[in-house]
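Here is the input, now give the coordinates:
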Amino acid sequence: NVSIEGSPVVGVSVEGKYTFSDPDGDSEGDSLYRWYISSDGVSYEPIENQTERSLYLNETYQKKYIKFEVIPVDSAQMQGTPAQSDGVMIASKLANELFISPDGDDANEGTLEQPFKTLEGARDAIRSMKREGALPSGGMTVYLRGGEYLREKDFTLTAEDSGSEDCPITYRNYRDEAVTISGKHNIDYSKFTPIAEESMKNKLRSEAARSKVVVADLAAIGLEDFKPVVKSGMSASTEPLVFFDGEVCMLARYPNTETTAEWPKCYFSTKDPAYAGTQEGYSSRTNTGTPGTGFIVKYKDESVSSWTHNSEQWLLRGYLKYYWAPEIIPVTVDAERQFLRAKTESVYGVEDGTAGRPFQMMNVYEEIDQPGEWYIDTVNQKMYIYPSTDTPKDFYMSTLEENLISVSDASHITFRGLAMCGGQANGEYMKDCDNVVIDSCELSGFQSKAYRMEGGTGCGIRNSHVHHLGAGGMFFANNGDIVEQVRSNNFVTNCEI
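Numbering: from 1, shown residues only. Next up is the predicted model:
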């Protein structure tokens, strides 16, 4: 069983393998090794001074054939019959680049002419090279050809995908080609038509909107599995981000302004009889060991009482206790008593008093009243939007539920010249990495953050544009050791946020 193990490529080492056996049962002694070379794979000659079990393949072996020979020697110094491996041809030095294209195939070789199709195709090829000791010196660059790479799951890199200081790994665009990695769902605007049902048209409070708002079946635009917007939270976008003609759209809401001084007020009071029946509400988080309860608040704005469509999916966004803590809570409306009842517990409850706390209502069909507002009717499986133009250059929704890219325990990896957009979590998530860098990229359209890093050293983002996010630009946690005064050397440099 004599063979040559390792990748027969210039620039790597191969090793002779065999199984030793002795008719007398003696163990192996100092067996003898020899390597042979051939230009045609037929006539072989010994290679001078190559008597070790391993052989480094330099440039002189390129396009030639080699064999490994072992002369078995047992512990009594008895020699057996020489045995040789089959001949193998030595390939040219490995290129230090791989290619991916939206039109590629992961069964290809990953060359410019035969590119892979997915990031995983290139990642797995690099893993194979590393296992065989065939990763070229100087590192590896994975070039993404121009186009959009739609993700249905996160692209994950772990310790086995690491480069090194002398052999880094880079994922980048090819030349100046525009590359987008996205967790979004592209929506076909041609499927939208004016509202035909008079009853639905007349529910819109804005007369101007009735002739402008358009509608499509969710199945026709690939969103039949859309989940209702019912999540609760603090300081974060709970709804998918929708982009239309390059601009982020707003979930239908009342009022439209972001100035809280112009919002209606809600009230909870333990002393004023005008607010009898209201309830503060509190959470199990702030009342440890006690089950949380939802609030009941009084409102006075008559607009709220006028709505009827899909009332079970309305959301309240308000500064209910503190002005640094906005909360988004699903509520029901008691129009007769002008009460808003929370379906879930809130984090801090409601401030007690008669001054009132500002609130805004979201996910309300009747309030589609300005360009860029949208609403999805999950009961009747329809999407509505008030378009800003009839010829949008793009129209999409963030749909990927995972991080777009997740990197953990990896080192010496760079992402360069890429646009990353669309997702319900983070753009890139790093944990306990070393020298993993985002450089000259654009990150946008994520419901959480563009970049989240926990632990690690020498990691960061530079020369990049970060915009249109649901819950912040970048987040760093557990960086360095504040007690021992050890720096992490993690960074954000020269970014527009």
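
can I get the CA coordinates of the biggest helix by length in the chain in PDB?
When the chain is parsed with DSSP state H, its longest helix is helix 119-131. This file holds the C-alpha atoms of helix 119-131, laid out as PDB (Å, rounded to 0.1, in the frame of the first residue of the first chain):
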ATOM      1  CA  LEU A 119     -19.500  32.200  -0.900                       C
ATOM      2  CA  GLU A 120     -19.700  28.800   0.600                       C
ATOM      3  CA  GLY A 121     -18.200  27.300  -2.600                       C
ATOM      4  CA  ALA A 122     -15.100  29.400  -2.200                       C
ATOM      5  CA  ARG A 123     -14.900  29.000   1.600                       C
ATOM      6  CA  ASP A 124     -15.100  25.200   1.300                       C
ATOM      7  CA  ALA A 125     -12.400  25.200  -1.400                       C
ATOM      8  CA  ILE A 126     -10.100  27.100   0.900                       C
ATOM      9  CA  ARG A 127     -10.900  24.700   3.700                       C
ATOM     10  CA  SER A 128      -9.800  21.800   1.500                       C
ATOM     11  CA  MET A 129      -6.600  23.500   0.500                       C
ATOM     12  CA  LYS A 130      -5.800  24.000   4.200                       C
ATOM     13  CA  ARG A 131      -6.500  20.400   5.100                       C
END
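
what's near enough to touch residue 96?
136, 138-141 (Cβ atoms under 8 Å, 6 or more residues apart in numbering). Where C-beta positions appear, they are placed from N, C-alpha and C, glycine not excepted.

typed the wrong thing, it's residue 425
400-404, 446-448.

So it versus residue 471, what's the distance?
Per Cβ to Cβ, to the nearest Å, residue 425 is found 10 Å from residue 471.

Of the contacts of residue 96, which count as buried by neighbour count?
Among the contacts of residue 96, the ones that count as buried by 16 or more other Cβ atoms under 10 Å are 136, 139-141.

Turn the contacts of residue 96 into TSV, including secondary structure.
What follows is the contacts of residue 96, written out as TSV (DSSP: H, G, I helix; E, B strand; the rest coil):
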residue	secondary structure
136	coil
138	coil
139	coil
140	strand
141	strand
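
Go through the residues you listed and say which is closest to residue 218.
residue 141 (41.4 Å; Cβ to Cβ).

partner residues bridging the closest one?
Beta-bridge pairing for residue 141 (DSSP bridges): residue 97, residue 170.

Tell me which of the contacts of residue 96 has the lowest pLDDT.
When the contacts of residue 96 are compared by pLDDT, residue 136 scores lowest at 80.

That one and residue 11 touch, don't they?
Yes - counting by Cβ atoms under 8 Å, residue 136 touches residue 11, with 6.2 Å between them.

residue ranges with poor pLDDT in the stretch 251-400 of the chain?
Counting by pLDDT under 70, the stretch 251-400 of the chain contains low-confidence ranges at 284-289.

which residue is nearest the centroid of this structure?
By Cα atoms, centre = their mean, the chain has its centre lying nearest to residue 404, at 0.9 Å.

got a list of what it touches?
Contact analysis of residue 404 by Cβ under 8 Å, 6+ apart lists 151, 154-155, 181-183, 420, 422-423, 425-428, 446.

quick one on the thing from earlier: dump the contacts of residue 96 into a markdown table; add distance to residue 436 as well.
Output for those, formatted as a markdown table (distance: Cβ to Cβ, whole Å):
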| residue | distance to residue 436 |
| --- | --- |
| 136 | 20 |
| 138 | 19 |
| 139 | 14 |
| 140 | 15 |
| 141 | 15 |
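
Report the two members of the residues you listed separated by the largest distance.
Using Cβ to Cβ, these span at most 10.4 Å, a distance reached by 136 and 141.

about what we covered before: out of the buried ones among the contacts of residue 96, who's nearest residue 485?
residue 139 (33.2 Å).

Just confirm that closest one contacts residue 168, I think it does.
Yes - judged on Cβ under 8 Å, residue 139 makes contact with residue 168 at a distance of 4.4 Å.

now the helices: where do they sit in the chain?
In the chain, helices defined by DSSP H lie at 119-131, 198-203, 207-210, 302-306, listed in chain order.

Go through those helices and pick out the most buried.
Greatest average neighbour count among the helices of the chain goes to helix 119-131 (a mean of 17), per mean count of other Cβ atoms under 10 Å.

Outside of that helix itself, which residues are in contact with it?
7, 94, 98-100, 104, 106, 108, 110, 116, 135-136, 140, 142, 144, 149, 155, 157, 160-161, 169, 171, 181.

And the strands in the stretch 151-300 of the chain?
Applying DSSP state E, counting those that start in this stretch to the stretch 151-300 of the chain gives strands spanning 155-157, 169-173, 179-182, 184-186, 193-194, 214-217, 233-234, 242-244, 247-248, 250-251, 253-254, 265-268, 296-299.
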